[in-house]
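Asker: Structure, please.
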Amino acid sequence: MSGVLRAEGLRKSFGRTPVLQGVSLELAEHEVVTLIGPSGSGKSTLLRCLNLLERVDDGQLWLRGEDITDPRADVDAVRARFGIVFQHFNLFPHMTVLDNVTLAARVVHRAPRAEAAERGRALLERIGLVGKADEHPDRLSGGQQQRVAIARAIATDPEVLLLDEITSALDPQLVGEVLELVRELGRDGTTILMATHEMSFAREVSDRVLFLDGGVVAESGPPAQLFEAPRSERLREFLGGLL
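Answerer: I've put the predicted structure just below:
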């Protein structure tokens, strides 16, 4: 597997509060890596730093060998190479579902509207929502909105897909349909880094799991190792409260 994204010694503080305290990780092509850890451990901040939505205070990031923490890097061009999905959908309420899905392709990547629409409808067909293409987001369930947000994120074929607790705002009965889409993307070879509290899902779909605690990667390895034979007492305590 060839490396896509690498981070070395990332540090980030908000005011006097340190959040990331030397995080290092590497993400290979077609790999699905999951971040787990308690609330406040830095998972969301890490994801936002990786695609430069937040600037790191120290450390380096490479995307396919390019130093994207170089001050000369084109931040907008870097962000366009990522797809990111947040907890709360972040769909534009005044736009139709199809316009939401095709927005980045049209505005950022300058794809012709007809070409973007064809690609957008194909994605909506894939997630079972092509019949909702001309609806507005407020006419969709939470699970449907999150699936549209994922379709929007992959519409430009990002090099890395970042998923930030994408089921935490959903009613329990809607979680399954969103996770099934992520499972399918992983099977299809999408390179994914996701933060989740869904431990059974992380165990099932991940190639590797990283346990983030206190702003550092405290433990990492294949799912079977972390979930069945955690090495640290801290990880055993964390899993004991969830499993």
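
Asker: tally of neighbours for Phe238?
Answerer: A count of nearby residues for Phe238, using other CB atoms under 10 Å, gives 21. For every residue, glycine as well, the C-beta is placed using N, CA and C.

Asker: Can you give the domain ranges for this structure?
Answerer: 1-74+160-243, 91-158 (automatic domain parsing).

Asker: Run the chain-centre distance for the last one.
Answerer: Spelled out, it's domain 91-158. Averaging C-alpha positions (CA atoms, centre = their mean, to the nearest Å) puts domain 91-158 17 Å from its chain's average.

Asker: what is the rounded mean pLDDT of that domain?
Answerer: Domain 91-158 comes out with an average pLDDT of 93.

Asker: Helices of the protein, start to end?
Answerer: 43-50, 75-79, 97-107, 113-126, 142-154, 172-187, 199-205, 223-228, 233-240 (DSSP state H).

Asker: For the domains of the chain, please prepare CSV with the additional fields distance to Ala80.
Answerer: CSV is the format used below for the domains of the chain (distance: least, CB to CB, whole Å):
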stretch, distance to Ala80
domain 1-74+160-243, 9
domain 91-158, 5
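
Asker: Could you list the low-pLDDT ranges of the protein?
Answerer: 1-2, 241-243 (pLDDT under 70).

Asker: cutoff 90 now
Answerer: 1-3, 39-40, 86-90, 104-105, 107-111, 156, 167-178, 198, 200, 240-243 (pLDDT under 90).

Asker: residues touching the residue nearest to Val23 when sequence neighbours are not counted, list them.
Answerer: Once flanking residues are discounted, Val23 sits nearest to Leu10: 4.4 Å by CB to CB, 6 or more residues apart in numbering. Shown in contact with Leu10 (CB atoms under 8 Å, 6 or more residues apart in numbering): Leu20, Gly22, Val23, Ser24, Leu46, Cys49, Val56, Asp58, Gly59, Leu61.

Asker: What is the nearest of those residues to Val205?
Answerer: Leu46 (19.2 Å; CB to CB).

Asker: before we move on, the earlier item: need the helices of the chain in CSV (columns: distance to Glu31).
Answerer: Listed next are those as CSV, based on distance: least, CB to CB, whole Å:
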stretch, distance to Glu31
helix 43-50, 14
helix 75-79, 20
helix 97-107, 23
helix 113-126, 22
helix 142-154, 16
helix 172-187, 9
helix 199-205, 11
helix 223-228, 13
helix 233-240, 21
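
Asker: Among those helices, which comes closest to Asp134?
Answerer: Using CB to CB, the nearest of the helices of the chain to Asp134 is helix 97-107, at 6.6 Å.

Asker: Indicate which one of the domains of the chain is closest to Ile84.
Answerer: Closest among these, using CB to CB: domain 1-74+160-243, at 4.3 Å.

Asker: for that closest one, the distance to its chain's centre please.
Answerer: 8 Å.

Asker: Tell me how far the spatially closest residue to Ile127 that is not a sequence neighbour lies from Leu193.
Answerer: Leaving aside its sequence neighbours, Ile127 sits nearest to Arg147 (CB to CB, 6+ apart; 4.7 Å). Noted for Arg147: a distance of 19 Å to Leu193, by CB to CB, to the nearest Å.

Asker: I'd say Gly59 and Gln21 touch.
Answerer: No: with contact defined as CB atoms under 8 Å, Gly59 does not count as touching Gln21 (10.2 Å).
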